[in-house]
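Visitor: Structure of the sequence below:
(one chain, ligands or ions: 1)
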Amino acid sequence: MSATQHLIDPALIAAENAKHAAHLASDYAHLGEQLARRGLDIDAVRAQVAAFGVAIPSWGVGTGGTRFARFPGPGEPRHVFDKIDDCGVIQQLTRATPTVSLHIPWDLCSDWRELREAAAARGLAFDAMNSNTFSDQPGQAHSYKFGSLSHTDAATRAQAVEHNLACIEIGQQLGSKALTVWVGDGSNFPGQQHFRRAFDRYLDSARQIYAALPGDWRMMLEHKICEPAFYSTVIQDWGSSLLAAQTLGPKAQCLVDLGHHAPNVNIELIVARLIAAGKLAGFHFNDSKYGDDDLDAGSVSPYRLFLVFNELVAAAHEGVAFDPAYMLDQSHNVTDPIESLMTSAVQVQRSYAQALLVDRAALDAAQDANDALTATHLLKAAFQTDVTPLLQRVRADAGAAIDPVGAYRASGWRQRMAAQRPASRAGGGGIV
Ligand SMILES: [Mn+2]
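Guide: As a prediction, this is how the structure comes out:
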């Protein structure tokens, strides 16, 4: 990123960081001593954490909403270029979010090359493309009211397939390597839908999309237990998703959105199963209390997020070859979306760092000896380690902010955008 393309003045970040520098040096040294006593080299952990990144969903930088209302904030992005600017701010202040995941048609623009260059100038590349066949667009020939890829009507299915192919074409121009497919297809009444036929129709449509995937692309199938269909959904759970992915072929994998499960479902176990099957596509990180709440990652259940990363780190430690995509998928209703996304990115990074601290050899031994208490204590020891100084040091080393939210507020970015961007009427907030 050249000096002229910095969205936040680097001098401001440096001045903010200077306020924390002395404390950080002391805290980092102390954490280093603690980890050394456990046989861990803090600098080695730091290098792994520094290489970690999570994608920002373009729709996340606008205020989301519920079925009841949306309360937009000041300076909301008006179009995809504004979204890229906000994502650039997040990346500049955290250096943990090097990619953006776009959603079509919410992010349609007239010049994809210009968008790719604008993103690159802000240090950003593009992660998975997200298609939308869960809502109707103006001028669309066939409605998705009763489904899309699994619709009973062949012309509607063909239209949904065509949209996904268009998303792949756009993604190729942007350097993306994956298409995430989530459908709202399902039913609201017992008897409304023939379960097996609907799934067969989905597979038939998905095969056509799969056939159009470039050789180095992945198709990420996202399951969801309910909403907008509240009795059944066609890709309801990881079982249906895995069945579809295995039917389609090696480029099809299963994407785990943490909010798309019933409360108390053991998501880390699902992650382990998908890793074992070679079918873990990646994640949409968020948190929830009751359902698909799309709360900020780790805001309610940070231990669960840690346990997910524990499975990932364990698999990597054991030499399992896999390459999960990490993305946030949140809806921000009461916070500044940029502040929430920065906080969530750091929270995800924190869970990864904590999982790196688990004593794998000791855990293996405890499991083999059926020493349940020691095994769970080993996980808790990692989870309860405050890795804040390590994360701060990673950011400081990369020229990001030691305190991202503090630096963001000091920068006045939101106030400047409020003056530059007229209030939006609708915006691209959404929950997928
Ligand atoms: Mn999602």
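Visitor: what residue of the chain is the furthest out?
Guide: Here the chain reaches farthest from its C-alpha mean at residue 369, the gap being 36.8 Å by C-alpha atoms, centre = their mean.
Visitor: per-residue confidence for that one?
Guide: Per-residue pLDDT puts residue 369 at 98.
Visitor: Equivalent analysis for residue 178, please.
Guide: 98.
Visitor: Need phi/psi at it.
Guide: As for residue 178, its main-chain torsions (degrees, to the nearest 10) stand at phi -160, psi 150.
Visitor: which residues touch it?
Guide: 127-129, 171, 217-220, 281, 325 (C-beta atoms under 8 Å, 6 or more residues apart in numbering). Bear in mind the C-beta positions are built from the backbone N, C-alpha and C, glycine included.
Visitor: rewinding a little: give me every residue that touches the residue farthest from the centre of the chain.
Guide: Here residue 369 is in contact with no residue (C-beta under 8 Å, 6+ apart).
Visitor: if I look at the most centrally placed residue in the chain, how far off is the ion?
Guide: The centre of the chain sits closest to residue 327, judged by C-alpha atoms, centre = their mean, with a distance of 1.7 Å. Distance of residue 327 to the ion, computed by C-beta to the ion, to the nearest Å: 8 Å.
Visitor: Verify the contact between that residue and residue 286 for me.
Guide: No - Residue 327 lies out of contact with residue 286 (C-beta atoms under 8 Å); the separation is 9.9 Å.
Visitor: hang on, the earlier thing: how about the residue nearest to the centre of the chain, secondary structure?
Guide: strand (DSSP: H, G, I helix; E, B strand; the rest coil).
Visitor: which parts of the longest helix along the chain are buried?
Guide: What stands out as the longest helix in the chain, according to DSSP state H, is helix 10-37. By neighbour count on 16 or more other C-beta atoms under 10 Å, the buried set for helix 10-37 is 13, 16-17, 20, 24, 27-28, 31-32, 35.
Visitor: try stretch 354-365
Guide: Using 16+ other C-beta under 10 Å as the test for burial, stretch 354-365 gives 354-359, 362-363.
Visitor: Could you do stretch 111-130 as well?
Guide: 112, 115-116, 118-119, 122-130.
Visitor: Repeat that for stretch 296-309.
Guide: Neighbour-count burial for stretch 296-309 flags 296-299, 301-302, 304-309 (criterion: 16+ other C-beta under 10 Å).
Visitor: from those, which single one is nearest the ion?
Guide: The ion lies nearest to residue 297 out of the buried residues of stretch 296-309, by C-beta to the ion, at 12.0 Å.
Visitor: Run a quick neighbour tally on the residue in the stretch 51-200 of the chain positioned nearest to the ion.
Guide: Closest contact between the stretch 51-200 of the chain and the ion, by C-beta to the ion, is at residue 182 (6.3 Å). Counted by other C-beta atoms under 10 Å, the residues lying close to residue 182 total 23.
Visitor: Next one: it from residue 132, what distance?
Guide: Relative to residue 132, residue 182 is positioned 9 Å away (C-beta to C-beta, to the nearest Å).
Visitor: returning to that earlier point: the buried residues of stretch 111-130 in strands, which ones?
Guide: Among the buried residues of stretch 111-130, the members found in strands (DSSP state E) are 125-126, 129-130.
Visitor: can you give me the strands for the stretch 201-350 of the chain?
Guide: In the stretch 201-350 of the chain, the strands defined using DSSP state E, counting those that start in this stretch lie at 218-222, 232-233, 252-257, 280-285, 325-328.
Visitor: and the ones you listed as TSV, adding mean pLDDT?
Guide: As requested, those are exported to TSV (pLDDT from 0 to 100):
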stretch	mean pLDDT
strand 218-222	98
strand 232-233	98
strand 252-257	98
strand 280-285	98
strand 325-328	98
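Visitor: So which of those strands is nearest residue 415?
Guide: strand 325-328 (24.5 Å; C-beta to C-beta).
Visitor: re the thing from before, can you name the element that comes right after the longest helix of the chain?
Guide: Counting by DSSP states H and E, the next helix or strand C-terminal to helix 10-37 is helix 42-50.
Visitor: average model confidence for the next helix or strand after that next one?
Guide: Remark: after helix 42-50, the chain's next helix or strand is strand 56-57, criterion DSSP H and E. Averaged across strand 56-57, the pLDDT comes to 98.
Visitor: hmm, strand 56-57 in reach of the ion?
Guide: No - judged by C-beta under 5 Å from the ion, strand 56-57 stays clear of the ion, getting no closer than 8.0 Å.
Visitor: Show me what that strand is packed up against.
Guide: Applying 3 or more C-beta pairs under 8 Å, 6 or more residues apart in numbering; DSSP states H and E, we find strand 56-57 packed against helix 80-94, strand 99-101, strand 325-328.
Visitor: Tell me the strands beside the shortest one, with direction?
Guide: The pairing partners recorded for strand 99-101 under DSSP bridges are strand 56-57 (parallel), strand 125-126 (parallel).
Visitor: Give me the spatial nearest neighbour of the residue of the stretch 51-200 of the chain closest to the ion, chain neighbours excluded.
Guide: Sequence neighbours aside, residue 222 is the residue nearest to residue 182 in space, at 3.9 Å (criterion: C-beta to C-beta, 6 or more residues apart in numbering).
Visitor: Touching stretch 147-160 from outside, list them.
Guide: 133-134, 140-144, 146, 161, 181, 183-186, 198-199, 201-202, 204-206, 234.
Visitor: Test my guess that residue 10 contacts residue 400.
Guide: No - if you go by C-beta under 8 Å, residue 10 and residue 400 don't touch, sitting 10.1 Å apart.
Visitor: hang on, the earlier thing: between the buried residues of stretch 354-365, which is closest to residue 242?
Guide: residue 355 (23.7 Å).
Visitor: Touching, the closest one and residue 306? I think so.
Guide: Yes - applying C-beta under 8 Å, one finds residue 355 in contact with residue 306, separated by 6.2 Å.
Visitor: which residues are in contact with both of these two?
Guide: residue 382.
Visitor: Who does the one residue in the stretch 101-250 of the chain that gets nearest to the ion form a beta bridge with?
Guide: Using C-beta to the ion, residue 222 is the residue of the stretch 101-250 of the chain that sits closest to the ion, at 5.6 Å. Here residue 222 sits in beta bridges with residue 255, as judged by DSSP bridges.
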